[in-house]
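Asks: How does the following fold in three dimensions:
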Amino acid sequence: NHDEIRFWADYIRGGPWSRYIYDDRGRRGGLRPGSDFVLAGDLNADPYDGDSHDHAVRQLLDHPRVDDRFVPASSGAVEAARVQGGVNAEHHGNPAYDTADFSDAAPDGPGNLRVDHVLPARGELIVGGGVFWPRSDDPLSRLTGEYPFPGSDHRLVWLDLLR
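Replies: Predicted coordinates for the structure are as follows:
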């Protein structure tokens, strides 16, 4: 995933960093300066924990064109990290920002991580957002559940942007 993240970092940076990128029509380069964007998806890379090569997602979180000042969070992720324990107790990142519920068993389990991201361009007005990871006492927790999950081990992440 390091190279995929590097691609997106180069794409939004533009200029000489994106000359190697070309589309189906042979046009080269990345995003034009001043263009609006939102990078969203499962990058399978946590900025602090897990086994992502060289904390790959920092290429985007520290990118000058990305606004990472608002980090979507949930209280359910905090509860899950506490209850599940295991490798989660050794993590450096804030468990409120976790977006995926992975195996907590050491030594192979990475624990719960922030691997799903919504990263807008600087200048976008972020008015809210979150991670859909309800606490166990919330009736909606049946939608995320515990292992084996009723859906995915990843949680929905969103931002509210004002144009």
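Asks: so how far is the longest helix along the chain off the chain centroid?
Replies: Taking DSSP state H as the criterion, the chain has its longest helix at helix 2-13. Taking CA atoms, centre = their mean, to the nearest Å, the mean C-alpha location of helix 2-13 is offset from the chain mean by 14 Å.
Asks: That one: what's the following helix or strand?
Replies: Using DSSP states H and E, the helix or strand that directly follows helix 2-13 along the chain is strand 38-42.
Asks: Parallel or antiparallel, list what pairs with that next one.
Replies: Applying DSSP bridges, strand 38-42 is found paired with strand 116-120 (antiparallel).
Asks: Can you name the element that comes right after the strand it pairs with?
Replies: Next helix or strand after strand 116-120 toward the C-terminus (DSSP H and E): strand 125-132.
Asks: hmm, who's touching that following strand?
Replies: Strand 125-132 is contacted by residues 67, 69-70, 72-74, 76-77, 97-99, 118, 120, 143-144, 155-163 when judged by CB atoms under 8 Å, 6 or more residues apart in numbering. Where C-beta positions appear, they are placed from N, C-alpha and C, glycine not excepted.
Asks: Going through these, which ones are buried?
Replies: Neighbour-count burial (16 or more other CB atoms under 10 Å) is assigned, among the contacts of strand 125-132, to 67, 72-74, 76-77, 97-99, 118, 120, 144, 155-157, 159, 161.
Asks: Just the ones in strands from those, please.
Replies: Secondary structure from DSSP state E places 118, 120, 156-157, 159, 161 of the buried ones among the contacts of strand 125-132 in strands.
Asks: from the residues you listed, which is closest to Gly34?
Replies: Set against Gly34, the nearest of those by CB to CB is Pro120 (14.1 Å).
Asks: Now for the closest residue to the closest one other than its chain neighbours: which residues touch it?
Replies: Distances taken as CB to CB, 6 or more residues apart in numbering place Val38 nearest to Pro120, at 4.7 Å, with adjacent residues excluded. For Val38, the contacting residues are 118-121, 124, 159, 161, by CB under 8 Å, 6+ apart.
Asks: which one of those sits closest to Tyr48?
Replies: Leu119 (16.3 Å).
Asks: and the closest residue to the closest one other than its chain neighbours, what does it touch?
Replies: Nearest non-adjacent residue to Leu119, counting by CB to CB, 6+ apart: Leu39, 4.4 Å away. Residues in contact with Leu39 (CB under 8 Å, 6+ apart) are 8, 12, 60, 66, 117-120.
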